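Asks: here's my sequence, what's the structure:
(2 chains)
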Protein chains: 2
Amino acid sequence: MTAEIISVGTELLLGNILNTNAQYLSRELAALGITVQRQSTIGDNHDRLADWVKDAKQRCDLLVFTGGLGPTADDLTKETVAACYGDSLVFDPEEWEKITRYFAASGRATAPNNRKQAMVPARGQKIPNRHGTAPGAWFEQEGRCAVLMPGVPREMKAMWEEEVRPRLLARQNSTLHSLTLRVLGGESDIEYRVRPLLENADPTAAIYCKTGECEIRITARAATDAEGQEKCRAYAKKFYNILGDAVYDEDVAGLEETVVRTLKEQGLTIAAAESCTGGLIAQRLTAVPGSSEVFGYGFVTYWAEAKTRLVGVDPAVIDRYNVVSAPVAAQMAAGTLEASGADIALSVTGIAGPTGGDEVRPVGTVYLGAARGDTVYLKKLHVSRPDRALVRARSAQAALELALRLAQGKIPAGTRALPRAACRDDQALAELDAAFLSE
Amino acid sequence: MTAEIISVGTELLLGNILNTNAQYLSRELAALGITVQRQSTIGDNHDRLADWVKDAKQRCDLLVFTGGLGPTADDLTKETVAACYGDSLVFDPEEWEKITRYFAASGRATAPNNRKQAMVPARGQKIPNRHGTAPGAWFEQEGRCAVLMPGVPREMKAMWEEEVRPRLLARQNSTLHSLTLRVLGGESDIEYRVRPLLENADPTAAIYCKTGECEIRITARAATDAEGQEKCRAYAKKFYNILGDAVYDEDVAGLEETVVRTLKEQGLTIAAAESCTGGLIAQRLTAVPGSSEVFGYGFVTYWAEAKTRLVGVDPAVIDRYNVVSAPVAAQMAAGTLEASGADIALSVTGIAGPTGGDEVRPVGTVYLGAARGDTVYLKKLHVSRPDRALVRARSAQAALELALRLAQGKIPAGTRALPRAACRDDQALAELDAAFLSE
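Replies: Purely as a prediction, here's the structure:
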C-alpha cells in the first residue's frame, strides 16, 4: 500500500510553524507497512489543491491530509477533497450540537461560519474529534482513500491513534505492537552496528538519534496483540545480543526517567553539584513526574567560591589543579554527598565555551564525578565540536549515565575510582590528576 | 517571483528525521519577497524525481532543492535536475582536490563514488560549500532557475547565507535587512494586537510564538544597507507604539540573553532558588555565554528540608502556609539573597503536576519571588493547562521576566511588595498569604 501526506496551510508555506505532523505520520505509516512516497505542503487555494488531489489520487492508495479543517473561508480542504472523490458534504446536527456545546463551555458563542465545521461526508465517514471542534473525514472511491485530520498536532495525533490507525489496521486484519529500545552511545556507532536489523519488513525497526543516545523502535503487525508482542520481543532480542547493556530501558521518554525509576526501585536518593551544566542535570531529573521521591537537593556551583561554600571544595585544590580538574570534580561529588545526605551524588565541572579553553583544557573538556558510599568515580569527557549547548547536553547525559550505573550497583565504565576519604588526601589527588592529564 | 522547496531523502519519508530545512527556507524566501507555493519531500528515485521537476519547473520561477548530493548511487538529484534544465555535469578537478584534502584531513581515503560529488554543472554554476564536501549547483533555463544545496542543515544554512541568498538579492538589485523584536506575553493576545502590521509587502513582518513570548521578524529590501536598516527601524516603531515595553529586546535568542546582558550593564549579580522549575532558571541563565559574570549560585531546593537548609526557610512557615505559598516564596528569595550575596534573588515554588494539586492549589499554581535590596516582590501564576513541562516553562519565563524588570530598576508588574525584613514577621506573612489567597 502506498500513501502521500499532505499538509495544508499557508502558515507552513510562510515558515511560521515547523511541520512536525509530516514526520509523525511518516513514522506511523511506515510502522503499518504503508510506503510514504511523498510529503507535500500546500496553501489554502482551491484550484491548486484540486489539481494536486486529482494527480495524487492516481499515484497512490491513500492520501493523508492534515490541516485546513478550520471555520474560515480559507479552509477549503474538505469540500475540495470531497469533490475529487465523487462525494459531497452534508450538515450534521450532532456535530453542530457538539461544536455549540464546546463554545458554550468556554463562554463563547458560535459564529455562522462555524457551521462549516459541522459538514461531514455524505457517502464517506466523519471521524470524531474528541480533542477539538473539527471532525475529520474519510472519503473513498474505487478503493482509493483520503483521510482528513486537523492540523493542530495534539488533535491530529489523538485522532490518528484513536480513529484512523485502527481503521487502517482493521483493513489489514491486523493489530500493531510497538516496542522502543533506548540505547546509550554515539549515533553513527550504534547505527553501524545494527544496520542489518533495520532492513526488515515485519517487524520493522527504525532508529532515531539524539545527543548521546538513540531510540530503536520495533513495530510488528500480527493477528493478535499477544502475537505482536511476542514478535517484537523476539526481534528486540537480536538488538540486545548486539548492543548488550547499552540498551538501558524500553518504552521510556529518556534516560532521566530510567534513572528516577531505578533509584525508586532501589530506595536510593540522588543530588547533584553542577558547574558547566548549570542546572541541566537537576532540570532533567525533576522533569520526571514523581522525581521528588528521589531528588531533593541540587547545587549550581557556577563560581569557584560557590563550590567551596556549598559543597566544600578546598580553594587550595582549585588553585593547585585548576577548577576544571578531576580533583575538583571528586571533592564536589564527595561534598555534595555530605551536604545533601543523598545516596548518590553527581558533579560536573568543565569548559562549555565559547571562551575559556586553552591548550591543556580546550573547550569541551569536562570532568564528571559520581559518589556512592565510600567511593567516588571520575570520568573525563572531551566534546570535540566546541558548541556550548552540545558540551552541556553531552555532559548532563554522561552524568546521568554514571548515575544509572551506580543505581544499578555497577561500576561505571571508563571511570577511575577514588576512595571517598582520599578526596582530602593531597597525594591521592595529585595521582588522580596526573592519571587524567596523561590520558 | 514564485518558488517551491523540494527536500530529497528517503530518511525524511520514513520520518527518521524532522524536516527543519523547509521551514528555514520558507522564512528566508518570504523575507526576499518570494512566494513559496509548495513544499515537497520526495525519495531518491530518478523517474519520480524527473517527472516532478518537469511539472514544477512549469509552475514556478525557482526550485530550491536540499539533499541528494551525497556520494552514493541513490543520490541522483544533481544529474536528474541538470537534465531537466537542459544541462549536464562535468568533472571539476578543483572540487575533487578539495574533497580529497577534506578526507585526508580526517584520516580517510576517498572512494571512487566520491568523484560524483566533484561533478558540477557544465552550463550552470557550481556553488562552493565551505562546510562540507558536496558543492551545490545552480541551473537555469529560459529564466527558470533551480538551486541545489546539501541536506545537512548546518551546511545548507551556511551555503544559503553565504552564496544563494546573495545571488537572489543581486538579481533583485537589492539588499536585505532584518530586525527581530522579542516580546513578552501570551501568543494569541500579541498576535491579535499587531495583526494589521503583519500584512505588509515591504517591510514584511512575521510572528513566531513560543512559551510566554513571541518573536516578530521585520525584513526590508532596499538598495543599500542603510536604507534597509532605516526602513526596518521605522516599521519597528509601529510595533513599539502598540506593544510598549512588552518588547523586551531586539535580535537576541531569548529572555535569558537580555537578562544576562542587562545585569552586566548594571553591574549586578543574580541567584535563584528553584523548587518546581528544578534548575530550569539556572540552566537558561547559564546557557548564555559569559553568564558567569553575573550568575554564581543556584539552589534547587526540591524538598522542604532543602528550602530550610540551603536558603533558610522557616519550617513553621511551611507548615502554617503550605510549601506552595507566597510566604515560602518570600523567605526563599530573601534567604537566597543572603546565602549567595547576589544583588537579585529569584524563587519559585509551585505544583507542576501531574499529581499534588487540590482545590485551593490546583496543578499549575506557582508562587514566584524576586528580591532586590530591601524589598521582595511576590507574584502568583496559574497555568490552566495541567501540563508539567508547560507549568515549569511558564514559571521559569515569569521568573526571568521579574529578574529583567528588577535589573532595569523597575517595579515588576502584577506583583505585591514586601519589605525584606518583614519576611520574618508573622503578621506580615499572614497578610501576604491572605492577600494572594483572596485573589
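Asks: geometric centre of chain A: which residue is closest?
Replies: Residue closest to the average C-alpha location in chain A (CA atoms, centre = their mean): A:Ala253, at 5.9 Å.
Asks: name the helix or strand for that residue, please.
Replies: Using DSSP states H and E, A:Ala253 maps to neither a helix nor a strand.
Asks: mind checking how far it is from chain B?
Replies: Using CB to the nearest CB, to the nearest Å, A:Ala253 is found at 11 Å from chain B. Using the backbone N, CA and C atoms, a C-beta is placed for each residue, glycine as well.
Asks: look up how far A:Ile190 lies from that residue.
Replies: Plainly put, A:Ala253 is 19 Å away from A:Ile190 if you go by CB to CB, to the nearest Å.
Asks: same check, this time on A:Ala122
Replies: Distance check for A:Ala122 against A:Ile190: by CB to CB, it reads 51 Å.
Asks: neighbour-wise, which of those two wins?
Replies: The neighbour comparison of A:Ala122 against A:Ile190 (other CB atoms under 10 Å in any protein chain shown) goes to A:Ile190, with 22 against 10.
Asks: chain center to the helix or strand containing that one, what's the gap?
Replies: For A:Ile190, the host element (DSSP H and E) is helix A:187-194. With CA atoms, centre = their mean, to the nearest Å as the basis, helix A:187-194 stands 19 Å off its chain's centre.
Asks: what's downstream of it, the next helix or strand?
Replies: Heading C-terminal from helix A:187-194 (DSSP H and E), you reach strand A:204-210.
Asks: now do the helix or strand just after that next one and strand A:204-210, the angle between them.
Replies: Downstream of strand A:204-210, the next assigned helix or strand under DSSP H and E is strand A:213-222. Taking axes from the mean of the first three to the mean of the last three CA atoms, to 10 degrees, one finds strand A:213-222 and strand A:204-210 inclined to each other by 160 degrees.
Asks: direction included, what does strand A:213-222 pair up with?
Replies: strand A:175-184 (antiparallel), strand A:204-210 (antiparallel) (DSSP bridges).
Asks: most packed of these?
Replies: Mean neighbours per residue, mean count of other CB atoms under 10 Å in any protein chain shown, is largest over these for strand A:175-184, with a mean of 20.
Asks: is any residue of the helix or strand of chain A with the lowest mean pLDDT near chain B?
Replies: Using mean pLDDT, DSSP states H and E, the weakest-scoring helix or strand in chain A turns out to be helix A:187-194, at a mean of 81. No. Judged by CB under 8 Å from any CB of the partner chain, helix A:187-194 stays clear of chain B, getting no closer than 10.2 Å.
Asks: list of residues touching that helix?
Replies: Applying CB atoms under 8 Å, 6 or more residues apart in numbering or on different chains, the external contacts of helix A:187-194 come out as A:Val183, A:Leu198, A:Ala205, A:Ile207, A:Cys209, A:Cys214, A:Ile216, A:Phe239, A:Ile242, A:Leu243, A:Ala246.
Asks: so the fifth one bridges to which residues?
Replies: Pointing back at A:Cys209 there. Under the criterion used here (DSSP bridges), A:Cys209 is bridged to A:Cys214.
Asks: from B:Arg361, how far out is it?
Replies: 40 Å.
Asks: find the closest residue to chain B in the stretch 301-439 of chain A.
Replies: A:Trp303 (3.6 Å; CB to the nearest CB).
Asks: next, give phi and psi for the closest residue to that residue other than its chain neighbours.
Replies: Take A:Trp303 and drop its neighbours on the chain: the residue closest to it by CB to CB, 6 or more residues apart in numbering or on different chains is B:Gly296, 3.6 Å away. Torsion angles at B:Gly296 (phi, psi; degrees, to the nearest 10) stand at phi -120, psi -30.
Asks: domain ranges for chain A?
Replies: With domains defined by automatic domain parsing, chain A comprises A:2-171, A:175-250, A:255-437.
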